[in-house]
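K.L.:
The following comprises the amino acid sequence and a computationally predicted model.
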Amino acid sequence: VLGEPFHTGEMGRRSFLHAFAVRHFPIISWLPKYNFHKLQGDVIAGCTVAATVIPQSLSYATGIALLPPQYGLYTAFIGGFAYLLMGTAKDVELGPCAVMSLLVGSLLAVPQYAKTEMTKCMGDWNDSTFCSNCIDNGYCTPPSSAITVSLLAGLIQFTMGVFRLGFLVDLISHSVISGFTSAAALTIVVEQLKSILGLKNVRRNFLPAATDTANLIGQTKKWDLCLGLVSLFVLLVLRKLKRHGEDRERRGLVVTPRDRRINRALWILGTLRNVFVVFIASFIAYGVSLTSDPNCSLASTVKNCGLTLTGTMPSGLIPTSLPNFRTFAPFSQLITAAVITASISLLETVAIGKSFSRKNNYNVEPTQEFLAIGVANIMGSFFSAYPVTASFSRTSINCASGVQTQIGLPITSFIVLIAAATLSGQFFYIPAAALGAMIIIAVIDMIDFHIVLVIWRTKRWDFIPWTATFLTVLFASVEIGILVGLIMSFLPLVYFNLRPRAELLGFNAATNHYDLLLEKPPRRLNIRGPMSLKKAKLVAKDVIQDLTELYAPRQGAKNPTVTELAGIKIVRLGGPLSFMSVNFALQQLQELIFGEITDFSPKPYYITNPVLQSSHRPKAVIIDCQKVEHIDFTAAEALAVIIRRGHALKVSIFLVHVCTAVKDVIVHTEVMKLAILADDVEQAAGIAKSITTPSIIRDHGIDETVPLLDRIADKTERPPCQRRPLVLFDSFDGSTYEVPALEPAETAAESASPRCSSESFV
């Protein structure tokens, strides 16, 4: 199951065990080569990332996941140890992130409790901070539910890794992920406005949060607003300075040692901007709190202080316990949350890992990543952590800090453990407004509206799942948004498989190739520059017209450089042929070749009364099957019907570019016996041009004047065993045309002929 070969004997068992260990524990391969130089890089990177992850984990837990702050530190602690042993990407940094925190908060948050239920709440979790936040903020996430989802998500991810089910994650398209992350980031920004303004009782999700914020704007706390705006400004300036330094270095403007020192100082200051803002804001909050209430201390409640503060945190080492399945959330809700978080976690981690592996020239094994993340989440559930995934921002810092191996992760985890055990009292004065500003700056880049124009210009079908996912996540919920996005992603695939388009080809003398006879219609609208109301109306009109073209496609103008061969029509089928698509595809084929539409159900094995149009009827038809990668029995039988139809109209049918998978199917059907197979269009066109009279079957054999491909190949007549009896077709004008029957005639005498083997029916 895990993909290891089977070995026998003592040496085989040792080889198998060693290969298994190296494959699933990559640390075995690189740890013997570890040296002091790599340790220096890992220590610097680990300390730098730790300075970022500590304030981020506090803000993500309290502001997005709606958990007590210590659970953010718990989540940042355990992931590094599991990934050290099993991870394949040295740059990836596991821990809490904005999207995963939003999923936990959106899928598991429960409404506020009445004050009479405080005793019950404290009895279930023995967590006064959690209960207080639940009453103040309106919604909160039960820690037991988040921990249980971490265990279930880890089991799902580990199972997918064991059975190599990573392809299931590929079912979620980039359009769906982009729409989801943009909507999630916008939702997070709107929800964090309550922290900037110091508001309480603000509901979850985009529309309720925006409505409540607008209604409660009069209750804004001036100190929270001032500190939040200042924090936003400082964070933006420091981030801009860091990016300015990186841009100068990328353009080669950093030359002198002085420039390098300045650039390095800007990078360090920008990287540690969260620590800087939290440190300064905590001092300001301490002074404001003592000014507002001299009794405000670590023992008082957060309400008595002038600013909205983080509040108390339990001190000491991270607690270990078994996940508790006795939660407020039903098991079906836990399973739904686990499936969604597991999928998004895998997508993010593998995508981030591959991105940095290409940059730093090493390989990432997706299946092994599934196992590593699964084990990290399973282990995390025993250390009170909610689901983890890779963080792009911290991974970038990790890479830029010069990390050498995965040992940088446990160094970060060790620093987080020290902070959780010794600095919990100092976290009391961290203002919620500063944490909210950190979250907004962290997720603002995830709102990517530029990709909408890119999708619109490249593939408009992908615009539909992006829009559906974005709007549904905003105005409904996360789980419904992802489900709608998946459905809208599958609809174009199903539609194009049901409606493969056929195209006419001609000879292009300029390129000496066969190209489209009709040019593709140009785009009616090309969006450039900023969006306006006029452009929005044109876009809406364009979308409606695109939808109408699903039933009535526009035809482009004739390509002036491409000419149609005299008496020969070349048709390229647009996709695989199956029982779902064959009727539509062959209707197009019939219309392009014979100028009429017929039902190509395989049930009638012959077509009577064919309409003859001798003036427009081609002498030969070449069907290009280059895009036909799959065909089933129903489609093969229907294709045989149209080939028989061509014989009835005295038209030779050629099949070119037939792949092996298609040949393996049609070899057992009438298609192989009725059609002429050629390697490419040039060969088929050359044979078709040499045909002097239409293909007519006479005397139970093949007309001597018809140079079929198999007769050209061996220069001999077919043996009697390959001669087929005739079936007569009557036309409207009373003429009778002869075509081969379905089954070749075989007699005992013919079968005994040395040339009449089973292989002769090709």
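P.N.:
Alright, I've got the coordinates.

K.L.:
quick one: contacts for residue 680?
P.N.:
Taking CB atoms under 8 Å, 6 or more residues apart in numbering, we find residue 680 in contact with 656-657. In this view, the C-beta of every residue, glycine as well, is placed from N, C-alpha and C.

K.L.:
Got phi/psi on it?
P.N.:
Here is the backbone geometry of residue 680 (degrees, to the nearest 10): phi -150, psi 180.

K.L.:
ok, now residue 669?
P.N.:
Per degrees, to the nearest 10, the backbone of residue 669 is at phi -120, psi -180.

K.L.:
In contact with it, which residues?
P.N.:
633, 636-637, 640.

K.L.:
and residue 63, what does it touch?
P.N.:
Residue 63 sits next to 191-192, 195, 432, 435-436, 439 when contact means CB under 8 Å, 6+ apart.

K.L.:
out of the contacts of residue 669, who's nearest residue 334?
P.N.:
residue 633 (44.4 Å; CB to CB).

K.L.:
So for the closest one, what's the pLDDT?
P.N.:
Per-residue pLDDT puts residue 633 at 90.

K.L.:
Would you mind putting the contacts of residue 669 into a markdown table with secondary structure, neighbour count and distance to residue 207 alongside?
P.N.:
Converted to a markdown table, those look like this (DSSP: H, G, I helix; E, B strand; the rest coil; neighbours: other CB atoms under 10 Å; distance: CB to CB, whole Å):
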| residue | secondary structure | neighbour count | distance to residue 207 |
| --- | --- | --- | --- |
| 633 | helix | 14 | 51 |
| 636 | helix | 21 | 53 |
| 637 | helix | 20 | 54 |
| 640 | helix | 22 | 57 |
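
K.L.:
Go through those and name the one nearest residue 575.
P.N.:
Among these, residue 636 lies closest to residue 575 (CB to CB), at 15.4 Å.

K.L.:
Can you tell me how far the residue nearest to residue 37 when sequence neighbours are not counted is from residue 38?
P.N.:
Nearest residue to residue 37, sequence neighbours excluded (CB to CB, 6 or more residues apart in numbering): residue 404, at 7.6 Å. Taking CB to CB, to the nearest Å as the measure, residue 404 falls 4 Å from residue 38.

K.L.:
which stretches of the stretch 551-700 of the chain form helices?
P.N.:
Counting by DSSP state H, counting those that start in this stretch, the stretch 551-700 of the chain has helices at residues 582-594, 633-648, 660-666, 671-674, 681-689.

K.L.:
Just the buried residues of the longest one, please?
P.N.:
Right, helix 633-648. 634-648 (16 or more other CB atoms under 10 Å).

K.L.:
and what of the third one?
P.N.:
Taking 16+ other CB under 10 Å as the basis for neighbour counts, the residues of helix 660-666 that come out buried are 662, 665-666.

K.L.:
just to revisit the earlier point, quick check: of the contacts of residue 669, which lies closest to residue 172?
P.N.:
Closest approach to residue 172 among these (CB to CB): residue 633, at 32.4 Å.

K.L.:
where does the stretch 101-250 of the chain have low pLDDT?
P.N.:
Residues of the stretch 101-250 of the chain that meet the criterion pLDDT under 70 lie in 112-138.

K.L.:
can you rerun that using 50?
P.N.:
By pLDDT under 50, the weakly predicted segments of the stretch 101-250 of the chain are 113-133, 135-136.

K.L.:
Which residue, other than its chain neighbours, is closest to the spatially most central residue of the chain?
P.N.:
Residue closest to the mean C-alpha point of the chain, counted by CA atoms, centre = their mean, is residue 173 at 3.2 Å. Once flanking residues are discounted, residue 173 sits nearest to residue 489: 4.5 Å by CB to CB, 6+ apart.

K.L.:
what's near enough to touch that neighbour?
P.N.:
Contacts of residue 489 by CB under 8 Å, 6+ apart are 171-173, 175-176, 465.
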